[in-house]
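In: just coords:
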C-alpha cells in the first residue's frame, strides 16, 4: 500500500527535523499547533508513526519512558535520564560484525538492535547538588 504525503505529514516531519534533540509527540504537537492550530494531536501521533514506519525519522523508547523521535536515521545510540526523561545521542565505538549475540530462543533471528544507556543528565545532577 502506497502512503500519501499529506501537508500535515510534511509539517510534522519539518517539526522533527527542526528540533534540536529528541522530542516527544507532545513536544512536536506543541511546536506544530503554534502555527497550525487546526492539526489535532491524533494527527501528529499518526504522522509520527507513519514517518517512523517509512524510515524518515527515528524513534527511541526507553524502558518505562515515553517515545521520543529523532531526526537522525543512521545507526547510533542514546542515553536516557531517569529523572526528567531527557534523551541524548551517545557515540559508541565498535564494528557491527564484531558483535556476537546469541538469542536464548532457538531459531530467533536478530534483525536489528538498539542500545540505550540510563543515568542522570547534567541538569538533574545540578538540581540535586542545589546549583
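Out: Sure thing, it's come through. Just so it is clear, the model here is predicted, and its values are computed rather than measured. Numbering: from 1, shown residues only.
In: Tell me where the model's unsure across this structure.
Out: Confidence mapping of the chain against pLDDT under 70 gives the ranges 1-5, 94-101.
In: can we see that at 50?
Out: For the chain, the stretches with pLDDT under 50 are 1-2.
In: What segments of it are helices?
Out: With helices called from DSSP state H, the chain shows them at 7-18, 25-35, 41-53, 122-129.
In: Off-centre distance for the longest one?
Out: Mean C-alpha position of helix 41-53 versus that of the full chain (C-alpha atoms, centre = their mean, to the nearest Å) differs by 12 Å.
In: i'd like the first residue to be 10 from this point on
Out: OK, 10 is where the count begins now, so the last one is helix 50-62.
In: can you give me the angle it makes with helix 34-44?
Out: With axes from the mean of the first three to the mean of the last three C-alpha atoms, to 10 degrees as the basis, helix 50-62 and helix 34-44 are set at 120 degrees to each other.
In: mind checking how far residue 134 is from residue 31?
Out: 19 Å (C-beta to C-beta, to the nearest Å). (Each C-beta comes from the backbone N, C-alpha and C, glycine too.)
In: and the two? which has more neighbours close in?
Out: residue 31 (23 against 13; other C-beta atoms under 10 Å).
In: surely the more buried one meets residue 77?
Out: Yes: with contacts defined as C-beta atoms under 8 Å, residue 31 counts as touching residue 77 at a distance of 3.9 Å.
In: any common contacting residues for those two?
Out: Taking C-beta atoms under 8 Å, 6 or more residues apart in numbering as the contact rule, the neighbours common to residue 31 and residue 77 are 69, 96.
In: re the thing from before, and the helices of the chain as TSV, adding distance to residue 118?
Out: TSV is the format used below for the helices of the chain (distance: least, C-beta to C-beta, whole Å):
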stretch	distance to residue 118
helix 16-27	30
helix 34-44	31
helix 50-62	20
helix 131-138	39
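In: Quick one: closest of those to residue 96.
Out: Go through the helices of the chain one by one with C-beta to C-beta and the one that ends up closest to residue 96 is helix 34-44, at 11.0 Å.
In: which residues touch the closest one?
Out: The contact list for helix 34-44 (C-beta under 8 Å, 6+ apart) reads 20-21, 24-25, 27-28, 32, 48, 50, 53-54, 57, 75-76, 78.
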